[in-house]
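With the sequence up front, the predicted model follows.
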Amino acid sequence: MKKKKREYSSDQVASRYSKLVVAFVVLALVIFIRVAFLMFGSSHDYWIEVSKQFKKNNIELPAKRGNIVAADGQVLATTLPEYRMYMDFMSWETDPVNRVKDQLLRDRMLYLKIDSVCEKMHAIFPDIDPVEFRKHLLKGRAKKSHHWLLYPKRVTYVQLKEVETLPLFCLKRSQGGGFDKEEFLKRKNPYGQLAHATVGVYDEERDSLRTGLEEWFDSYLRGKPGKAHREKVMNRYVPITDSMAMDGCDVVTTLDISMQDLVEKTLRDQLKNVQADIGMCVLMDVKTGDIKAMSSLSHCSDGAYRELENRACTSRREPGSVFKPMSFMVAMEDGKINMNSSVYVGNGIHEFCKKKMRDSNWQRGGSMRALSVPEIIKFSSNVGVSVLINEHYHNDPAQFVKGLDRIGVRTDFHLPVKGYKAPNIRYPEKGRWSATTLPWMSVGYETQIPPIQTLAFYNGVANGGKMMKPRLISAIKRGNEIVEEFPVEYVIPDSRDNMMCSQKTLDQIKTCLEGVVGRANCTGKDVYTKRFPIAGKTGTAQIWEKGRFSGKYIVSFAGYFPAKKPQYSMIVCMEVRGPASGGGMCGPVFKRIAESIWARNIRAPFTVTRDSTEHRNDLPIMRGGNLSNLTYVLDELGLGYNTNYDAGGVLNWGSNSSESPRSATLTADGEDQTKKSKTLTMPKVEGYGLRDALYRLERMGLKVKTSGHGRVVRQSIPAGQPVKRGEEVTIILSTSAKYTDPNPEHPDSASNPAPKAAATKPTEKSEGDGFHD
């Protein structure tokens with residue numbers, strides 16, 4: 001027999017809910033009262049002490065954040081220590097008698113050294129007033145402070161070490177001293193704002209302001225903190241390490257410092273000239289796809305141009321005419337067109353479904369003739385490209401878009417850049433397709449591609465048809481150990497031999513691009529240089545904003561150099577207000593950067609520069625200085641010489657002592673001296689260049705003042721005289737063959753003719769380039 005279900009009235013249900021509410025309110029009041037009792041009651045002090053003890057027993061040891069370095073190991077971002085300086089004026093002795101004795105010693109040393117300390121602190125930190133600093137120290141003593149802040153600013157390691165040599169601050173606690181310091185780790189960028197958007201920013205104090213590579217690779221850079229606890233020893237807490245901190249890994253980029261600096265300066269100068277709103281430039285190594293330099297500058301309210309974000313990767317705009325070679329590569333590979341295909345462009349206007357396609361010269365009446373495929377690219381004819389592509393793909397536009405897929409234009413590179421956007425290219429079957437989409441897409445409209453993607457295409461053309469994935473990071477390292485490696489990657493699969501297209505099509509596209517850059521009668525005349533051939537394509541696209549074309553344009557030039565044996569590819573883009581010209585505005589930037597890189601890599605044979613007269617066998621003039629550098633240059637030039645010293649891997653200083661202009665005898669003038677040498681003797685640096693003179697003297701710990709430029713013609717301390725670390729020496733330089741001493745009575749005055757000119761060690765060896773026509 002089933003039990004009858006018990007039913008409750010509405011009053012009974014309400015009564016039960018009321019009791020539950022009352023119970024919860026009472027429980028909340030009890031908890032609130034208990035919390036208040038713990039915070040303000042008699043047990044408050046007990047729990048505070050427990051909290052302090054917990055802090056003492058749980059100390060986190062910070063890990064040093066890893067470095068971000070350039071391809072050659074130069075540091076782009078690193079963590080350096082900074083310090084706050086404190087003074088402990090009071091004794092820590094527990095025994096009353098010993099405490100009195102120790103305090104008397106501390107006070108005696110304080111009053112004995114205070115004036116000297118104040119003057120020398122002013123010498124290190126000029127903003128310190130000795131009188132005010134004396135009052136500050138005495139105020140700390142009057143307050144019986146164990147932790148008195150000496151200087152409001154953080155100091156560097158070098159400054160700290162200098163302060164630690166001062167009277168009072170150099171004393172141990174047992175000797176009456178009490179100097180103490182607190183270390184902080186600060187993120188530094190040795191090259192300032194160079195590659196700012198790429199490297200990024202990291203703020204240690206807030207730990208949230210991370211951008212660029214600092215954010216992308218934060219998990220690698222951060223490292224793993226260690227743990228420690230404190231134990232009380234002689235009435236003081238001493239930290240005891242439980243587990244060591246593991247420092248972060250280093251991120252190795254593909255950037256080249258000198259190229260990055262060149263790109264930023266050149267781009268910034270041109271942006272100012274044309275008053276552009278935004279400018280972007282990316283320089284890439286052809287064979288590997290390594291990004292050697294990348295800069296994106298924006299015009300700020302104060303008139304300056306700064307890197308705010310990596311727009312070369314994050315700005316997805318209509319590319320304009322730099323897209324035309326992509327369209328022709330697809331059509332050539334599909335067998336639709338060839339180099340002899342032509343279009344009669346007439347007055348530079350052609351209608352597609354009542355919508356007019358115009359060439360840049362339509363207002364001047366157009367070309368009024370038929371243009372072949374190379375001429376269409378050379379003169380950047382919108383009509384020529386759109387008519388050919390529409391004629392062959394109008395009935396099957398999907399074939400054209402699939403062709404763009406085939407050559408790698410739509411590939412998502414997944415670059416390690418926050419905000420990176422992959423290309424946005426329409427497909428006919430996915431909607432948003434009209435009768436005019438195909439012709440306008442063929443000339444770089446109705447599609448959005450970031451500049452880095454466009455550059456990858458041109459880099460692929462330069463690399464023999466093999467498109468490379470742009471590479472910004474080559475490895476993650478911990479010390480000399482490689483934690484993770486990022487090898488070069490081909491975009492096109494192995495099944496097609498990594499080729500974007502056939503060799504025949506590639507050769508035809510190269511021919512078209514080489515025709516764009518010439519002395520005159522082409523769109524790339526502002527890129528032309530007589531030093532080596534350049535290939536590429538200009539581009540200009542009007543920006544579509546708020547449902548209509550605005551008065552702004554994206555202008556660009558993308559290409560590679562040298563055209564015959566490409567080493568680098570590059571794209572330059574700007575956002576400007578009309579009138580606009582890709583060749584005229586971006587071309588000069590491309591040209592200047594290309595010429596500068598060419599000049600750095602050029603290596604002319606020395607025999608060509610030799611005199612063909614009676615001096616043809618003379619050796620180059622040599623200046624005294626670092627003999628290691630001098631022998632390096634002579635070896636590179638294939639010139640013989642004699643030495644009367646044993647190199648033995650030791651740094652040697654000296655000069656060419658030979659009287660004959662056709663022979664060299666390199667003679668060392670003494671042992672290499674450093675700050676650690678027991679005794680120091682002033683060397684003879686007369687005849688040295690400034691770099692060698694500064695390096696040798698500062699290596700000894702001397703403070704050097706200079707005047708003039710050229711070679712050293714006088715030194716204030718005679719050679720052979722004993723010197724001390726920190727002693728000041730003045731050197732005077734001159735370019736004159738005969739130096740006139742303004743103080744002829746000075747015993748060190750130089751009266752001899754100028755020593756021979758310096759030969760300095762090149763920064764790197766240059767391999768054969770291929771820049772020559």
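Done, it's in. Numbering: from 1, shown residues only.

C-alpha from now on. contacts and neighbour counts both.
Noted.

Tell me where the stretch 351-500 of the chain has strands.
Applying DSSP state E, counting those that start in this stretch to the stretch 351-500 of the chain gives strands spanning 355-358, 370-372, 473-478, 481-485.

between the last one and strand 473-478, how big is the angle?
Here strand 481-485 points in a direction 140 degrees away from that of strand 473-478 (axes from the mean of the first three to the mean of the last three Cα atoms, to 10 degrees).

Ok, which of the strands of the stretch 351-500 of the chain comes nearest residue 176?
strand 473-478 (43.1 Å; Cα to Cα).

Counting by contacts, list what the closest one packs against.
Helices and strands touching strand 473-478, by 3 or more Cα pairs under 8 Å, 6 or more residues apart in numbering; DSSP states H and E, are strand 250-253, strand 481-485.

partners of it in the sheet?
Strand pairing for strand 473-478, determined by DSSP bridges: strand 250-253 (antiparallel), strand 481-485 (antiparallel).

Include mean neighbour count and distance to residue 587 when you put those into CSV, please.
As requested, the strands paired with strand 473-478 are exported to CSV (neighbours: other Cα atoms under 10 Å; distance: least, Cα to Cα, whole Å):
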stretch, mean neighbour count, distance to residue 587
strand 250-253, 25, 28
strand 481-485, 12, 36
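
quick one, which of the ones you listed is nearest to residue 565?
Taking Cα to Cα, strand 250-253 is the member of the strands paired with strand 473-478 nearest to residue 565, at 25.2 Å.

How far off centre is that closest one?
Distance, stretch centre to chain centre, for strand 250-253: 11 Å (Cα atoms, centre = their mean, to the nearest Å).

cool, and stretch 151-161?
That offset, for stretch 151-161, works out to 27 Å (Cα atoms, centre = their mean).

And that stretch, end to end?
One end of stretch 151-161 sits 15 Å from the other (Cα to Cα, to the nearest Å).

three-state assignment of residue 621?
Reduced to three states with DSSP: H, G, I helix; E, B strand; the rest coil, the structure at residue 621 is coil.

From residue 731, how far off is it?
22 Å.

where in the stretch 1-150 of the chain is pLDDT low?
1-13, 38-57 (pLDDT under 70).

circling back to that earlier point, any chance of CSV for the helices and strands packed on strand 473-478, columns distance to residue 352 and mean pLDDT?
Shown next, in CSV, are these (distance: least, Cα to Cα, whole Å; pLDDT from 0 to 100):
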stretch, distance to residue 352, mean pLDDT
strand 250-253, 48, 95
strand 481-485, 51, 93
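
and of the ones you listed, who's closest to residue 663?
Judged by Cα to Cα, the one of the helices and strands packed on strand 473-478 that comes nearest to residue 663 is strand 250-253, at 45.4 Å.

coming back round to it: residue 621 and residue 731: who's more crowded?
residue 731 (21 against 12; other Cα atoms under 10 Å).

Give me the spatial nearest neighbour of that one, chain neighbours excluded.
Leaving aside its chain neighbours, residue 731 sits nearest to residue 715 (4.5 Å; criterion: Cα to Cα, 6 or more residues apart in numbering).

Check residue 561 too.
That would be residue 534: by Cα to Cα, 6+ apart, it lies 5.0 Å from residue 561.
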